[in-house]
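Asks: for reference, the sequence and a predicted model appear below.
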Amino acid sequence: MDLKNFEQLGLNQTEIKILKCIFEFGTISPALVAKQTGLKRPTVYAGAEGLIESGFIREDISGKNIRYTALYETGFKNYLISQKRKLAEKEALITELANTLEKTPRPRGYNIPKVTRIEGKEEILDFLYTQTPVWNESIIKTHAHTWWGFQDHIFVEDKEYRKWIKWYWNTAPEKIDLNLFSNDSEIEKTREVQTIDRRRHIKFWKGDKITATEWIVGEYIITIVLDGTHHTLIETRDQILAENLRNVFKFAWSAVS
């Protein structure tokens, strides 16, 4: 008998000892179970109650002494029935709680931002391709159809990231556009990059060199840092912060020729 199977059913070690003993004897008294297993009699009574409830054994109290009887195959069927009943009860409870919560007023306080951190170039590329539909959906939902932010030109110089940029603009909804500040760089002056898409607008930053990329996309803020071979992306979902940063970039964009 493989006792690990009983562990997977949720039985504890005490219950498994008791059940194994009862299975071996067929019918047995609590006193003999205690003797065979080395468990104290109160422990046997408590463990047997759980097995009776699960349907693995039957308790016979018709005689002078209590006897436990193994139900074998019938016991497993009984256990399955009891688990289905408990699951149905939980489903009903969860449905009731969900209906109650749905009617409960939501707090209007500030929600803690959700932050996702991605390390490694391949992992970031996978994330960019899979997360793009989520960002597009957020852009449409917030009616903020412009990507705002700044970029480290190294991001565009990288062939694989540049491939993603081209892919994005080939698939992006027509109403979406982009306004980014960038370092004054040769890559942004090449025909390959300038002809990626007419909706992609770049202004060269006249201040200190930009060493990271940051996009404000709907309710998301995406930061990418390329430090040699160490690439990191941090996605922050925060509608309030995103809206404020978007307003800052709008003002800066209008102030720079």
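Replies: Happy to help now that I have it. Bear in mind the structure is a predicted one, so any value in this text is a computation, not a measurement. Numbers count the residues shown, from 1 in each chain.
Asks: next structured bit after the helix or strand bottoming out on mean pLDDT in the chain?
Replies: Using mean pLDDT, DSSP states H and E, the weakest-scoring helix or strand in the chain turns out to be helix 3-8, at a mean of 70. Next in sequence after helix 3-8, counting helices and strands by DSSP states H and E, comes helix 13-25.
Asks: who are the packing partners of that next one?
Replies: Contacts defined by 3 or more Cβ pairs under 8 Å, 6 or more residues apart in numbering; DSSP states H and E place helix 13-25 against helix 3-8, helix 30-37, helix 41-54, strand 67-70. (Glycine included, C-beta is placed from N, CA and C.)
Asks: give me the buried positions along the lengthiest helix in the chain.
Replies: Secondary structure of the chain per DSSP state H: the longest helix is helix 72-102. The neighbour-count check on helix 72-102 (16 or more other Cβ atoms under 10 Å) flags 75, 78-79 as buried.
Asks: distance from the chain centre to it, please.
Replies: 25 Å (Cα atoms, centre = their mean, to the nearest Å).
Asks: same question, stretch 71-91
Replies: That offset, for stretch 71-91, works out to 31 Å (Cα atoms, centre = their mean).
Asks: average pLDDT for it?
Replies: For stretch 71-91, mean pLDDT is 80.
Asks: how near is residue 61 to residue 69?
Replies: Distance from residue 61 to residue 69, counting by Cβ to Cβ, to the nearest Å: 11 Å.
Asks: make that residue 17, sorry
Replies: 17 Å.
Asks: also residue 214?
Replies: Look at residue 214 and residue 69: by Cβ to Cβ, they are 71 Å apart.
Asks: of the two, which one has the most company?
Replies: Higher neighbour count among residue 214 and residue 69: residue 214, with 20 against 15, using other Cβ atoms under 10 Å.
Asks: and for the residue lying closest to residue 51 once chain neighbours are set aside, the neighbour number?
Replies: Nearest residue to residue 51, sequence neighbours excluded (Cβ to Cβ, 6 or more residues apart in numbering): residue 57, at 4.8 Å. Using other Cβ under 10 Å, residue 57 is surrounded by 24 other residues.
Asks: how about residue 57, what does it touch?
Replies: For residue 57, the contact set (Cβ atoms under 8 Å, 6 or more residues apart in numbering) comprises 19, 22, 48, 51, 68-71, 75.
Asks: swap in 10 Å and give it another go.
Replies: The contact partners of residue 57, taken as Cβ atoms under 10 Å, 6 or more residues apart in numbering, are 18-19, 22-23, 27-28, 48, 50-51, 68-72, 75, 78.
Asks: same for the longest helix of the chain, what does it pack against?
Replies: The contact analysis (3 or more Cβ pairs under 10 Å, 6 or more residues apart in numbering; DSSP states H and E) places helix 72-102 against helix 13-25, helix 41-54, strand 57-60.
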